[in-house]
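Undergrad: Okay, sequence plus prediction incoming.
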Amino acid sequence: MKNRVPNRLIHAASPYLLQHAYNPVDWFEWGPEALEKAKAEDKPILVSIGYSSCHWCHVMERESFEKEEVASVMNQYYVCIKVDREERPDIDQIYMDAVQALGINGGWPLNVFLTPDQKPFFGGTYFTPSAWTQILVNIDKAFRLNRQQIEDTSEELSLHLLRSDVERFTQKPQDTALDQELEEIYLKLKDRFDTVWGGLDKAPKFIMPSIWLFLMRYHYISKNEAALAQVVLTLKRIAMGGIYDQVGGGFARYSVDAYWFAPHFEKMLYDNAQLLSLYAEAYTLTKDEGFKDVVYETFEWLQREMTHAQGGFFSAIDADSEGVEGKFYIWTKEELDQLLGEDAPLINEYYRVTDTGNWEHGYNILMRDKSDAVFLKSNGITPDRWKEILVRSKKTMLQRRSMRARPGLDDKIIAAWNAMTICGLTDAYKAFGDRRFLHAAQGAMRFLENELMEGLLVYRSFRQKRSPVHAFLDDYAYVIQAYTRLYQVTFDEYYLKRATAFLTYVIDHFQDAEDGFFFYTSSAAEDLIARKKELFDNVIPSSNAIMVQNLYHLGILDDRAEWKGHAERLAGALGHLITSEPNYMSHWAMAYAEIRKEMAEVVMVGAEASAVRDAFQQRYHPFALMLGTTDKSDLALLRDKPPLGGKTTIYVCYNKRCRLPVYTIQDAEAQFSDKPIPALRHP
């Protein structure tokens with residue numbers, strides 16, 4: 001194939017587009033050249049959208065886009081545009097919405113047919129070669145002979161795309177008690193709990209970290225032990241499943257079954273970033289050592305396989321190697337017997353390895369179905385002895401696996417996903433106090449600043465060079481969140497100043513002045529046929545939900561009452577939807593609970609402020625924001641709060657109203673609003 005003359009995608013920065021650079025299809029990148037050609041020649045546009053680690057994208061490329069006879073039809077009748085959904089999520093959002101409006105399930109590859117003025121009229125996902133060829137011929141015929149019908153359909157879909165979700169779903173806030181609303185959210189989620197295997201009751205199973213993060217906060221307020229039990233069950237089952245890389249750490253995108261057994265083997269940075277936060281928080285709450293192991297193993301995977309030399313993080317690892325999904329990760333029993341020697345019987349039992357294979361074609365996916373306690377008891381092994389065997393065996397398997405043909409690496413560096421990973425690393429640092437997490441977070445932020453920022457202008461992605469695509473709302477939202485988290489774990493006010501500057505920029509360039517919500521694209525961005533607002537949480541939380549948290553947190557930390565009020569209005573307008581549809585609003589539910597409950601302002605001042613902060617953050621306090629200094633500060637919430645008696649002093653405040661200053665974490669915790677406030681000695 002590489003003997004072919006490359007098409008114009010050879011000049012793209014995106015790994016996904018470069019994968020198609022030797023197709024016989026006359027691909028264009030999205031841009032003026034392609035769009036003007038379609039208008040000039042009055043041809044329909046075919047937009048094919050995917051991403052580099054997408055299994056079915058590879059299949060359709062092999063079956064159709066690499067075939068001369070298929071490409072000739074595409075080239076004759078269409079202007080063909082390839083889009084990387086990770087580089088241009090704005091385009092993907094619009095045309096995914098259009099396809100779903102046609103009653104077709106969304107997915108990738110997403111293939112959408114447009115009129116020459118970019119209006120969609122037909123689309124779908126993966127097509128077999130015979131179906132694809134027939135569709136190409138039929139649409140060409142319809143475009144020539146039934147043009148008015150196509151124009152009518154495209155106009156109807158375009159009107160659908162212009163409808164605002166904000167107008168459809170916002171309502172005036174209800175005067176309902178917070179505990180009642182949280183209970184309603186919990187019961188809606190509880191109806192779908194899988195109480196045997198964890199997660200929610202369907203397959204395929206996505207982990208959906210925001211749901212479990214919310215339930216931990218709900219438990220913190222309600223003390224509902226059943227809610228926490230479901231979180232713990234879910235996190236344990238996931239960590240024992242094939243969806244978790246038992247040898248090398250890190251999580252696959254989802255499980256195709258209800259048991260977390262057979263994953264779709266691609267590993268995405270955005271999943272693992274959120275799971276760092278989830279498992280670190282779960283450890284802080286439960287002190288379960290298994291959760292700690294997951295965080296450390298996932299971190300080691302990030303460092304080993306996903307980190308650019310200058311500190312940024314790559315986007316994804318493909319599911320396929322040598323044309324076979326999962327081949328890099330699976331084992332035969334014979335291979336493990338030869339590799340592990342006398343340790344093999346125990347390892348095989350531990351990971352459910354069988355002679356005939358627990359998966360396909362005699363292969364095994366490593367998965368645990370027993371707790372370590374049960375396994376050790378049944379085999380009469382001490383924990384220390386088992387740890388020695390397991391560590392040795394994993395090291396041996398990892399070394400052998402590294403000699404295999406590796407799955408493809410999508411080595412582009414996306415601003416939003418890197419900022420999300422910085423948040424995960426700061427949460428790991430909070431939980432364990434290990435400065436390796438903090439150093440990795442700071443290194444990634446330096447990469448973003450050096451390669452993807454010009455003043456307050458952020459770019460979407462980097463691969464060997466910076467992409468010219470400007471950042472979207474999720475990029476800015478997560479960058480702001482990352483700076484805010486870095487401030488709270490370092491008390492370095494540089495990070496806080498950067499967060500507030502970027503928040504001001506987003507308000508100026510992304511906010512809809514009419515309703516206060518934020519568009520996904522900047523006011524300076526390219527005009528598409530619709531300008532969307534991302535409201536609903538998916539596997540990645542809604543960028544508007546993250547912005548509401550940013551407004552509220554920075555409104556507190558930087559004493560901006562107008563930002564707090566803005567957050568309260570946006571969350572309140574969706575309160576009814578948060579309580580009625582929490583599966584799609586779980587991150588909103590976290591923000592909503594923070595606003596309704598009020599966050600504690602925990603101020604630490606004095607020579608040992610950093611040490612006190614680190615100790616405090618290893619305890620579970622999800623409704624607390626941290627501020628502090630070892631010296632002086634101009635921050636409004638730090639003024640007039642000196643260290644008393646020559647000791648590091650803690651002030652617990654709500655809406656700038658402070659309790660009596662104290663010296664110990666225990667005394668500070670007693671002042672939280674969900675606990676009775678004892679009489680305290682004045683220092």
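TA: Sure thing, it's come through.

Undergrad: Can you find the helix or strand of the protein with the lowest average pLDDT?
TA: The weakest-scoring helix or strand in the chain, judged by mean pLDDT, DSSP states H and E, is helix 165-169 (a mean of 77).

Undergrad: and it, which residues are buried?
TA: Going by neighbour count (16 or more other C-beta atoms under 10 Å), the buried part of helix 165-169 is 165, 166. To be clear about C-beta, it is placed using only N, CA and C from the backbone, and glycine gets the same treatment.

Undergrad: and that helix, how far from the chain's centre?
TA: Centroid separation for helix 165-169 versus its chain: 24 Å, with C-alpha atoms, centre = their mean, to the nearest Å.

Undergrad: Excluding chain neighbours, give the residue nearest to residue 200 in space.
TA: Nearest non-adjacent residue to residue 200, counting by C-beta to C-beta, 6 or more residues apart in numbering: residue 192, 4.5 Å away.

Undergrad: Now do the same contact list for that neighbour.
TA: Neighbouring residues of residue 192 by C-beta atoms under 8 Å, 6 or more residues apart in numbering: 200, 201, 202, 583.

Undergrad: Give me the phi and psi for it.
TA: Residue 192 adopts backbone torsions of phi -110, psi 10, taken as degrees, to the nearest 10.

Undergrad: how much space between it and residue 182?
TA: Distance, residue 192 to residue 182, using C-beta to C-beta, to the nearest Å: 17 Å.

Undergrad: ok, now residue 60?
TA: Per C-beta to C-beta, residue 60 is found 45 Å from residue 182.

Undergrad: Apart from its neighbours in sequence, what residue is nearest the residue nearest to the spatial centre of the chain?
TA: Among the residues of the chain, the one closest to the centroid is residue 270, at 3.5 Å (C-alpha atoms, centre = their mean). Spatial nearest neighbour of residue 270, chain neighbours left out: residue 417 (4.8 Å); criterion: C-beta to C-beta, 6+ apart.

Undergrad: got it, and residue 43?
TA: Nearest residue to residue 43, sequence neighbours excluded (C-beta to C-beta, 6+ apart): residue 79, at 5.2 Å.

Undergrad: tell me the domain ranges of the chain?
TA: As assigned by automatic domain parsing, the chain contains the domains 8-163, 178-326+410-597, 333-403, 600-669.

Undergrad: Take these and lay them out in CSV including mean pLDDT and distance to residue 171.
TA: Shown next, in CSV, are the domains of the chain (pLDDT from 0 to 100; distance: least, C-beta to C-beta, whole Å):
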stretch, mean pLDDT, distance to residue 171
domain 8-163, 94, 17
domain 178-326+410-597, 96, 5
domain 333-403, 96, 45
domain 600-669, 95, 25
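
Undergrad: Please work out which of the ones you listed is packed deepest.
TA: Of these, the one with the most neighbours on average (mean count of other C-beta atoms under 10 Å) is domain 178-326+410-597, at a mean of 21.

Undergrad: Check the separation of the first and last residues in it.
TA: Distance across domain 178-326+410-597, first residue to last, is 7 Å (C-alpha to C-alpha, to the nearest Å).

Undergrad: rewinding a little: looking at the contacts of residue 192, which is nearest residue 85?
TA: residue 583 (22.8 Å; C-beta to C-beta).

Undergrad: what ranges do the helices span in the stretch 551-683 of the chain?
TA: In the stretch 551-683 of the chain, the helices defined using DSSP state H, counting those that start in this stretch lie at 561-573, 575-580, 586-597, 609-617, 665-669.

Undergrad: Residue 373: which of these is closest?
TA: Nearest to residue 373, of all the helices of the stretch 551-683 of the chain, is helix 609-617, at 29.5 Å by C-beta to C-beta.

Undergrad: just checking, what packs against that closest one?
TA: Helices and strands touching helix 609-617, by 3 or more C-beta pairs under 8 Å, 6 or more residues apart in numbering; DSSP states H and E, are helix 473-490, strand 600-605, strand 624-629, helix 665-669.

Undergrad: now that helix and strand 600-605, what's the angle there?
TA: 150 degrees (axes from the mean of the first three to the mean of the last three C-alpha atoms, to 10 degrees).

Undergrad: Next, the angle from helix 609-617 to helix 473-490.
TA: Helix 609-617 and helix 473-490 meet at an angle of 110 degrees, taking the same axes, to 10 degrees as the criterion.

Undergrad: contacting residues for residue 83?
TA: By C-beta under 8 Å, 6+ apart, the contact list for residue 83 reads 29, 30, 47, 48, 49, 50, 91, 92.

Undergrad: taking the residues you listed one by one, which sit in helices?
TA: Counting by DSSP state H, those place 91, 92 in helices.

Undergrad: Could you dump the contacts of residue 83 into TSV with distance to residue 378 added?
TA: TSV is the format used below for those (distance: C-beta to C-beta, whole Å):
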residue	distance to residue 378
29	58
30	58
47	56
48	52
49	50
50	46
91	54
92	49
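
Undergrad: on that earlier part again, after the least confident helix or strand of the chain, which helix or strand is next?
TA: helix 178-190 (DSSP states H and E).

Undergrad: From the contact counts, what lies against that next one?
TA: Here helix 178-190 touches helix 209-222, helix 225-240, helix 575-580, helix 586-597, going by 3+ C-beta pairs under 8 Å, 6+ apart.

Undergrad: Can I get those helices in a markdown table including distance to residue 104?
TA: Converted to a markdown table, these look like this (distance: least, C-beta to C-beta, whole Å):
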| stretch | distance to residue 104 |
| --- | --- |
| helix 209-222 | 27 |
| helix 225-240 | 30 |
| helix 575-580 | 25 |
| helix 586-597 | 26 |
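
Undergrad: and the angle from whichever strand or helix holds residue 270 to helix 586-597?
TA: In the assignment (DSSP H and E), residue 270 maps to helix 269-286. With the same axes, to 10 degrees applied, the angle from helix 269-286 to helix 586-597 works out at 40 degrees.

Undergrad: roughly how far out does helix 269-286 sit from the chain middle?
TA: Put simply, helix 269-286 sits 11 Å off its chain's centre (C-alpha atoms, centre = their mean).

Undergrad: where do the strands sit along the stretch 1-150 of the chain?
TA: 28-29, 45-50, 79-84, 110-114, 120-124 (DSSP state E, counting those that start in this stretch).

Undergrad: and these as CSV, adding distance to residue 336?
TA: Compiled in CSV, the strands of the stretch 1-150 of the chain are given as follows (distance: least, C-beta to C-beta, whole Å):
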stretch, distance to residue 336
strand 28-29, 46
strand 45-50, 35
strand 79-84, 38
strand 110-114, 40
strand 120-124, 42
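
Undergrad: Relative to residue 107, how far out is residue 53?
TA: Remark: distance between residue 53 and residue 107 (C-beta to C-beta) = 14 Å.

Undergrad: And residue 441, by the same measure?
TA: 33 Å.

Undergrad: just residue 309 next, same as before
TA: Distance, residue 309 to residue 107, using C-beta to C-beta: 34 Å.

Undergrad: give me every residue that touches the closest residue to residue 435 other than its chain neighbours.
TA: In space, and not counting its chain neighbours, residue 435 is closest to residue 429: 7.2 Å by C-beta to C-beta, 6+ apart. Taking C-beta under 8 Å, 6+ apart, we find residue 429 in contact with 435, 437, 438, 441, 489.

Undergrad: Out of the residues you listed, which is nearest to residue 403?
TA: Nearest to residue 403 among the contacts of residue 429 is residue 437, at 29.6 Å by C-beta to C-beta.

Undergrad: Isn't that closest one up against residue 428?
TA: Yes - under the criterion of C-beta atoms under 8 Å, residue 437 makes contact with residue 428 at 4.2 Å.

Undergrad: The stretch 351-500 of the chain: helices as residue ranges?
TA: Counting by DSSP H, counting those that start in this stretch, the stretch 351-500 of the chain has helices at residues 372-379, 383-401, 415-432, 435-451, 473-490, 493-510.

Undergrad: so the fifth one versus helix 415-432, what angle?
TA: The reference is to helix 473-490. Helix 473-490 runs at 20 degrees relative to helix 415-432, counting by the same axes, to 10 degrees.
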